[in-house]
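# requesting a structural model of the entry that follows:
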Amino acid sequence: MEAEADWCECCSFTEESTPEYITAVSAEYMGRWSCVLCVEAVGNKVRGAGSGAERNIIAAEALDRHGKFAWEAPRAPGKATEVLATAVPRLLRRCLDSPPP
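Predicted structure coming up:
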């Protein structure tokens, strides 16, 4: 499989993915490519938020909010560390509470 490098429109991280994966993610997020980390963050906000048109509105809003956060976080001294310090325990709890794949 051929991999392409593409940059995330939320955090500007460059990630190598197959063209099929890039197309699928872009289609799910209104034509905007997002790396796997941002897709997870946005997906966490969207899960359980509804379906159909409501899901698209929620996904677009979640993507915009996450993009704004990802853009501002590294530029706010001390804030990124504080946010990361509170997010890591939540992420670990979520992972530990999830059933194995």
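# strands of the chain, start to end?
Taking DSSP state E, the strands of the chain run over residues 4-7, 14-17.
# can you put these in JSON lines and add mean neighbour count, distance to Val25 and mean pLDDT?
Any C-beta I mention is one placed from the backbone N, CA and C, and that applies to glycine too. Shown next, in JSON lines, are these (neighbours: other CB atoms under 10 Å; distance: least, CB to CB, whole Å; pLDDT from 0 to 100):
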{"stretch": "strand 4-7", "mean neighbour count": "12", "distance to Val25": "9", "mean pLDDT": "84"}
{"stretch": "strand 14-17", "mean neighbour count": "14", "distance to Val25": "8", "mean pLDDT": "86"}
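# got TSV for the ones you listed, with distance to Arg65 too?
Converted to TSV, the strands of the chain look like this (distance: least, CB to CB, whole Å):
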stretch	distance to Arg65
strand 4-7	19
strand 14-17	21
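# which residues are in contact with the residue nearest the centre of the chain?
Nearest to the mean C-alpha position of the chain, by CA atoms, centre = their mean, lies Cys38 at 1.9 Å. By CB atoms under 8 Å, 6 or more residues apart in numbering, the residues touching Cys38 are 8, 10-11, 13, 66-67, 70.
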